[in-house]
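Student: the following comprises the amino acid sequence and a computationally predicted model.
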Amino acid sequence: MKNRFFFDLPPKGVLEPVDKDDPLDYYYRPIVGVLYHNRIKQALSLLKPPYQSVLEIGYGSGILLPTLNQLAKNVYGVDVKSDPEKITTSLSGLGVRANLSRADILTVDYPKDSFDLIIAISVFEHIKDLRPILIRLSGFLRQNGQLLVGIPRVDNLMKMIFTLIGFNNIEAHHVSDYKQFIKSSEGLFSLNKCTSMPCWAPKLMGLYFNMLFNKI
C-alpha cells in the first residue's frame, strides 16, 4: 500500500482525452500541472485507506484510477462519456484493474450498500440539480461510508482564471459551487473535513474545495 498522499500520475501518452473539454493535458504542463496535481493530492490527504470497494464518478480519461488501485481492493467507475474498454486497455499495461461503465449515475445499476467510498473530483460543478444524485449515492454507500468531493470556486474570478489557462466559456460548464453542494447534502451526509486551495489562504479566497462527507 502506497502512501495515502501519493498521486500515481500515468506517464504522458498512456491515456487519451475523452473530448476537447477533458483537462488531461493540463496535468502534464509545467506550471498549471502543479495546481492540477495539488487538488488531487489535497483530496487524497483527507482519506484513511485502505478501502474495500471504491466508486469513482466521472472517471474521464482514467487519470485517477491507478491511484485508486492503491487505495482500494475493488475499484469501480461510472462516466457518461468515456469508453470503458479503451481506458481498460490503456491502463492494463500499468497493472491497473477497474470495473468501468459508461452510464448515468441516476440509471446505473449498483446494488445497495456496494461501496465504502465514493469519489467525485470536478464533477458536481457541472450539475445543477444535485439532490437526486446525492440520494442515489447515499443508497450505494455502506453504513459509515464516505463521499469525497472536489469542486472549484464558481464565479467571475474563476472565469478569468480559466480564460488565462486557455479554457474559455467556463460559465457554461460550471453551474454549482461547494456551498450549494453542502446544502444539497443535508439530511444525507455530514461534512467531516473541508480543505481549500491555496491552503495558506482563508477559505473565502479558496479557488478549489475538497470535502469529505460521512453517510448519515
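Tutor: Nice, thanks for sending it over.

Student: against which helices or strands is the strand ranked longest in the chain packed?
Tutor: When the chain is parsed with DSSP state E, its longest strand is strand 141-152. Applying 3 or more Cβ pairs under 8 Å, 6 or more residues apart in numbering; DSSP states H and E, one finds that strand 141-152 contacts helix 32-44, strand 115-121, helix 178-184, strand 208-215. All C-beta atoms are positioned from the backbone trio N, CA, C, and that covers glycine.

Student: just the buried positions in the last one, please.
Tutor: Neighbour-count burial for strand 208-215 flags Tyr208, Phe209, Asn210, Met211, Leu212, Phe213, Lys215 (criterion: 16 or more other Cβ atoms under 10 Å).

Student: do a quick rundown of the strands in this protein.
Tutor: Taking DSSP E as the criterion, the chain carries its strands at 51-57, 72-79, 99-102, 115-121, 141-152, 189-197, 208-215.

Student: tell me which of the ones you listed is the most buried.
Tutor: strand 115-121 (a mean of 23; mean count of other Cβ atoms under 10 Å).

Student: that one: how far from the chain's middle?
Tutor: What separates the centre of strand 115-121 from the centre of its chain is 8 Å, taken as Cα atoms, centre = their mean, to the nearest Å.

Student: likewise stretch 38-56?
Tutor: Worked out by Cα atoms, centre = their mean, stretch 38-56 lies 9 Å from the chain centre.

Student: and what of stretch 94-105?
Tutor: 14 Å.

Student: one step back: list of residues touching the longest strand of the chain?
Tutor: Identification of contacts with strand 141-152 by Cβ atoms under 8 Å, 6 or more residues apart in numbering yields 39-40, 43, 46-47, 113-125, 137, 158, 174, 176-178, 181, 185, 189, 192, 207-215.

Student: what angle do that strand and strand 51-57 make?
Tutor: On the basis of axes from the mean of the first three to the mean of the last three Cα atoms, to 10 degrees, strand 141-152 is oriented at 50 degrees to strand 51-57.

Student: which regions of this protein lie under the pLDDT threshold?
Tutor: 1-5, 155-174 (pLDDT under 70).

Student: cutoff 50 now
Tutor: Low-confidence segments of the chain (pLDDT under 50): 1-3.

Student: rewinding a little: turn the helices and strands packed on strand 141-152 into JSON lines, columns for distance to Gly60.
Tutor: Compiled in JSON lines, the helices and strands packed on strand 141-152 are given as follows (distance: least, Cβ to Cβ, whole Å):
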{"stretch": "helix 32-44", "distance to Gly60": "12"}
{"stretch": "strand 115-121", "distance to Gly60": "9"}
{"stretch": "helix 178-184", "distance to Gly60": "19"}
{"stretch": "strand 208-215", "distance to Gly60": "17"}
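
Student: just so I know, which of those lies nearest Leu68?
Tutor: strand 115-121 (7.2 Å; Cβ to Cβ).

Student: and that closest one, what other elements does it pack with?
Tutor: helix 32-44, strand 51-57, helix 131-140, strand 141-152.

Student: contacts for that strand?
Tutor: Contacts for strand 115-121 (Cβ under 8 Å, 6+ apart): 39-40, 43, 47, 51-58, 64, 68, 71-72, 76, 137, 140-142, 144-150.

Student: now with 6 Å, please.
Tutor: Here strand 115-121 makes contact (Cβ atoms under 6 Å, 6 or more residues apart in numbering) with 51-58, 137, 140-142, 145-150.

Student: quick one: Pro49 from Val75, how far?
Tutor: Distance, Pro49 to Val75, using Cβ to Cβ, to the nearest Å: 12 Å.
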